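**Student:** Sequence plus predicted model, see below.
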Amino acid sequence: MKITNVRTRVFEWKGHTVPPTANFCSNAMDELWDKSDSMGTFRFHGWTTVEIETDTGLVGLGNVALAPRIAKAIIDQYLTPLILNQDPFDYEYLWQRMYRSTHAWGRKGIGMAAISGVDIAIWDILGKATGKPVFKLLGGRTKDKIPCYASKLYRTDLNEMQREAQSYLDQGFKAMKMRFGYGPKDGPEGMRKNLDSVAAVREVIGEDIDLMLECYMGWNLEYAKRMLPRLETYQPRWLEEPVLADDIDGYVELNQLTSIPISGGEHEFTHYGFKQLLEKRAISVVQYDTNRVGGITAARKINAIAEAYSVPVIPHAGQMHNYHLTMATLASPMSEYFPVHDVEIGNELFYYLFEGDPEPVNGFIDLDDNKPGLGLSLNTRYFDQFNIIE
Ligand SMILES: O=C(O)C(=O)C[C@@H](O)CO
Ligand SMILES: [Mg+2]
């Protein structure tokens, strides 16, 4: 089998978008003086799709959510020539070819995200060519179903947050993740507001539900060191990305500070990046996203390293490329799930652009044993609401 064509498209959402409210999620821009729409660069209102065609008529589908126009340019200009006329079953060779020939500029960030989109499409072809779901190629079912946690609860009015938390309980979720609205610049008052929001959600969900706390890199080390002891009483399952992804020693320090596990990795790349985080005991939960970290070829290597360190892998975001790895990995106890919603931060945009993602039932999702590949296709129903760039 040979790859005959690579088609990339950028889909930019032009439909209805829920405007961001102030302090809905702390983030890395918060420490700068200009706080107007500081989350702007972290919203996902566009996507790159990668369709890889073969001489057998199979088409594999992958995607990238970071800087879509740049991801498309990288794939078109640099990666496509490297994989044309090649056998998709040589996936490791192709990954190394893409990784090594873009090494000067592509090791982390958008270069690796572009490689990820191509790699995911290649794995989709492997599944379709063998007539098996990708999780079967990765080792098969390690769990009956995948437990997942509802991930939204942006900082709003506390009553509203409580109503939202209750709705996840009503749907049967046994775990959920909430966002902090405040950080170092908001002083003691913001600190109290952060604690109030955790208390409010805990009050609704009780002790028997896992609660995850997301900082999205909006704190700094000093602030996190003051917050962590105060958060212990709420027994969070983890505190996520308290500081910038590059402050690895900060993660190390925070991970040893209290009983609260520190999670991270959604802004880390390749097995080399995670080797460093795990060796240093910087994180207690691995949260790569397959469509950033280097695709399935890199993610499965990270899973093996994490298993050896006894650190759970709970990828960032739901989505098929992550679900298939989680299903096939004993070290992955659960998945993140973004509730279907109007387009807001952009995590929901996935459901407008693709179809095939499983819907959770009672807090669990399942994958189809009889659906070859990743089981995802483009959802053409909303195409008229996108600006599509070929
Ligand atoms: O779901 C997460 O872990 C994220 O970081 C999502 C991001 O969109 C910020 O909430
Ligand atoms: Mg996160």
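**Tutor:** Thanks, I have the structure now. Ligands and ions are numbered 1, 2, ... in the order given.
**Student:** What lies in contact with stretch 76-93?
**Tutor:** Contact with stretch 76-93 is made by 1-6, 8, 52, 54, 60, 94, 97-98, 101-102, 106, 114-115, 118-119, 122-123, 125-126, 129, 297, as judged by CB atoms under 8 Å, 6 or more residues apart in numbering. C-beta coordinates here come from the backbone N, C-alpha and C atoms, glycine included.
**Student:** For Tyr272, which residues are in contact?
**Tutor:** Per CB under 8 Å, 6+ apart, neighbours of Tyr272: none.
**Student:** Kindly report the same for the one 10 residues further on.
**Tutor:** For Ala282, the residues meeting the contact criterion (CB under 8 Å, 6+ apart) are 248, 251-252, 255, 262, 264, 276.
**Student:** Of the residues you listed, keep whichever come out buried.
**Tutor:** The neighbour-count criterion (16 or more other CB atoms under 10 Å) marks 248, 251-252, 255, 262, 264 among those as buried.
**Student:** Mind checking which of the contacts of stretch 76-93 land in helices?
**Tutor:** Those of the contacts of stretch 76-93 mapping onto helices are 94, 97-98, 101, 106, 114-115, 118-119, 122-123, 125-126, 129, 297, per DSSP state H.
**Student:** And the buried ones among those residues, selectable in ChimeraX?
**Tutor:** Buried residues among the ones in helices among the contacts of stretch 76-93 (16+ other CB under 10 Å), as a ChimeraX selection:
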select :94,97,98,106,114,115,118,119,122,123,125,126,129,297
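**Student:** from the ones in helices among the contacts of stretch 76-93, which two are the most distant?
**Tutor:** By the measure CB to CB, Gly106 and Ala129 form the most distant pair in these, at 27.3 Å.
**Student:** If I look at the closest residue to Phe11 other than its chain neighbours, what pLDDT would I see?
**Tutor:** Nearest non-adjacent residue to Phe11, counting by CB to CB, 6 or more residues apart in numbering: Phe386, 4.3 Å away. Phe386 is assigned 98 on the pLDDT scale.
**Student:** Equivalent analysis for Leu153, please.
**Tutor:** pLDDT recorded at Leu153 is 97.
**Student:** Three-state assignment for the residue in the stretch 1-150 of the chain that ligand 1 sits nearest to, please.
**Tutor:** Nearest residue of the stretch 1-150 of the chain to ligand 1: Cys25, at 5.3 Å (CB to the nearest ligand atom). Of the three states, Cys25 takes coil under DSSP: H, G, I helix; E, B strand; the rest coil.
**Student:** Quick check: longest strand in this structure by residues?
**Tutor:** As assigned by DSSP state E, the longest strand anywhere in the chain is strand 3-13.
**Student:** from the contacts of stretch 76-93, which are also near ligand 2?
**Tutor:** Taking CB under 5 Å from the ion as the test, ligand 2 is in contact with none of these.
**Student:** Could you see whether ligand 1 lies near the worst-scoring helix or strand of the chain on mean pLDDT?
**Tutor:** Scoring the helices and strands of the chain by mean pLDDT, DSSP states H and E places helix 349-353 at the bottom, with a mean of 94. No: using CB under 6 Å from any ligand atom, helix 349-353 stays clear of ligand 1, coming no nearer than 10.9 Å.
**Student:** Tabulate the CA atom coordinates of that helix in CSV.
**Tutor:** C-alpha atoms of helix 349-353 as CSV (Å, rounded to 0.1, in the frame of the first residue of the first chain):
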residue,chain,number,x,y,z
LEU,A,349,-16.0,22.7,18.2
PHE,A,350,-14.8,19.1,17.7
TYR,A,351,-18.4,17.9,17.7
TYR,A,352,-19.4,20.4,15.0
LEU,A,353,-16.5,19.3,12.7
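**Student:** which residue does the stretch 51-200 of the chain bring closest to ligand 1?
**Tutor:** Nearest residue of the stretch 51-200 of the chain to ligand 1: Ser151, at 4.9 Å (CB to the nearest ligand atom).
**Student:** just to revisit the earlier point, would you list the contacts of Ala282 in TSV and tack on secondary structure and distance to Pro147?
**Tutor:** Shown next, in TSV, are the contacts of Ala282 (DSSP: H, G, I helix; E, B strand; the rest coil; distance: CB to CB, whole Å):
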residue	secondary structure	distance to Pro147
Ile248	helix	29
Tyr251	helix	26
Val252	helix	29
Asn255	helix	24
Ile262	strand	21
Gly264	strand	21
Gln276	helix	29
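**Student:** which pair in those spans the largest distance?
**Tutor:** For those, the farthest-apart pair by CB to CB is Ile262 and Gln276; their separation is 15.0 Å.
**Student:** could the buried ones among the contacts of Ala282 be laid out in a markdown table, adding pLDDT?
**Tutor:** A markdown table is the format used below for those (pLDDT from 0 to 100):
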| residue | pLDDT |
| --- | --- |
| Ile248 | 98 |
| Tyr251 | 98 |
| Val252 | 98 |
| Asn255 | 98 |
| Ile262 | 99 |
| Gly264 | 98 |
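**Student:** Can you add distance to Ile74 and give the residues you listed back as a markdown table?
**Tutor:** Below are those laid out as a markdown table (distance: CB to CB, whole Å):
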| residue | distance to Ile74 |
| --- | --- |
| Ile248 | 26 |
| Tyr251 | 29 |
| Val252 | 32 |
| Asn255 | 33 |
| Ile262 | 32 |
| Gly264 | 25 |
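**Student:** I'd like to know the predicted local confidence at the residue of the stretch 251-390 of the chain found nearest ligand 2, please.
**Tutor:** Residue nearest to ligand 2 within the stretch 251-390 of the chain: Glu266 (5.0 Å; CB to the ion). Glu266 is assigned a pLDDT of 98 by the prediction.
**Student:** what's the closest non-adjacent residue to it?
**Tutor:** Distances taken as CB to CB, 6+ apart put His316 closest to Glu266, at 3.6 Å, once the chain neighbours are dropped.
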